[in-house]
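Undergrad: Return atomic coordinates for the entry below.
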Amino acid sequence: MTFAYADYARQTETMTDVQIIDEIMIHLKDIYGNSIPNPTSLLRTKWQNNENSFGAYSYTAVGTEMKHFDDLAEEINDKVFFAGEHTEADYFSTVHGAYLSGIREADKIIDLI
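TA: The predicted model follows:
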């Protein structure tokens, strides 16, 4: 697994899978030697052009405090609940943070039933 960000992330979205694999393999061969095999498949998100995200995710700006994540997760009158990677202090800016926050909020709702 690897990440590309900023200008390079936008550039990789214009590249073919073969170009991406070739570039990644240059670095892996530097680490592990030339005898490692190429991957058999590649899965990539092309997140920048995904209509559901357009490359957006939360990040900690200067001045961000960990309590801000809890503040964003605060429910309203036990009727409105907030989940998402921006509400998970331990795993913010990640898919598993979003997933875990969904479980957290579902548990709160179940407890009210």
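Undergrad: any idea of the mean pLDDT in the longest helix seen in the chain?
TA: Ranked by number of residues, the top helix in the chain under DSSP state H is helix 95-112. Mean per-residue pLDDT for helix 95-112: 95.
Undergrad: Next up, the contacts around the most centrally placed residue in the chain.
TA: Nearest residue to the geometric centre of the chain (CA atoms, centre = their mean): residue 94, 3.7 Å. Applying CB atoms under 8 Å, 6 or more residues apart in numbering, we find residue 94 in contact with 85, 88. No exception for glycine: its C-beta is placed from N, CA and C like everyone else's.
Undergrad: ok, now with 6 Å
TA: By CB atoms under 6 Å, 6 or more residues apart in numbering, the contact set of residue 94 is residue 85.
Undergrad: do you know how far it is from residue 6?
TA: Here residue 94 is placed at a distance of 18 Å from residue 6 (CB to CB, to the nearest Å).
Undergrad: so how many other residues sit close to the closest residue to residue 4 other than its chain neighbours?
TA: Nearest residue to residue 4, sequence neighbours excluded (CB to CB, 6 or more residues apart in numbering): residue 12, at 4.8 Å. Residues contacting residue 12 under the criterion other CB atoms under 10 Å number 17.
Undergrad: any idea of the pLDDT on residue 12?
TA: pLDDT, residue 12: 91.
Undergrad: can you give me phi and psi for it?
TA: phi -60, psi -30 (degrees, to the nearest 10).
Undergrad: Kindly report the same for residue 71.
TA: With angles defined as degrees, to the nearest 10, residue 71 sits at phi -60, psi -40.
Undergrad: can you check residue 48 too?
TA: Per-residue torsions, residue 48: phi -60, psi -40 (degrees, to the nearest 10).
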